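In: Using only what follows, build the 3D model:
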Amino acid sequence: MTKSPSPKNTRPGKGKKPSLASRMVFGSLISSDFIVKHWLKIFTLMLLIMIMISTKYQCQTGMETIKKLNNRLEVVKTERIRERSTYMSRIRESAMQQLADSVMPGLTVQEQPPYKLE
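Out: The predicted structure is shown next:
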């Protein structure tokens, strides 16, 4: 007695496994029993994901603030160097005036540049 191979599924269409998209559309991807059994884990996972997103957002905004402050710091440093050079040139000028007054009183710095007579 030999057995003849019998087909596993004789009904057409019943042997196919539904696709992921169709299971998502009909809501059978995750069953309600699964959610009821694992609600605490799902809630904890969702909470952790939300905390991670908010932390990333805070980090990005903090980095943008740091970048703006660094740019402002560079501008202030440049202004400080410019003001310091102006101050130092004024100090040198007054020191030279005092030195000229000590050697020969009455010498002053000309307000107008010299010009040629023709």
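In: counting contacts, what elements does the longest helix anywhere in the chain pack onto?
Out: Ranked by number of residues, the top helix in the chain under DSSP state H is helix 39-103. With contacts defined as 3 or more C-beta pairs under 8 Å, 6 or more residues apart in numbering; DSSP states H and E, helix 39-103 has no helix or strand neighbours. All C-beta spots, glycine's among them, are computed from the backbone N, C-alpha and C.
In: Low-confidence regions, this protein specifically.
Out: Applying pLDDT under 70 to the chain picks out residues 1-15, 109.
In: hmm, try it at 50
Out: 9, 11 (pLDDT under 50).
In: I would like the residues contacting the host helix or strand of S22, please.
Out: Assessed by DSSP states H and E, S22 sits inside helix 20-26. With contact meaning C-beta atoms under 8 Å, 6 or more residues apart in numbering, helix 20-26 is reached by P18, L29.
In: how about that helix: buried residues?
Out: Judged by neighbour count using 16 or more other C-beta atoms under 10 Å, helix 20-26 contains no buried positions.
In: So which residues lie in contact with the helix or strand just after it, not counting its own?
Out: Counting by DSSP H and E, the next helix or strand C-terminal to helix 20-26 is helix 32-37. Contacts to helix 32-37, defined as C-beta under 8 Å, 6+ apart, come from residues I42.
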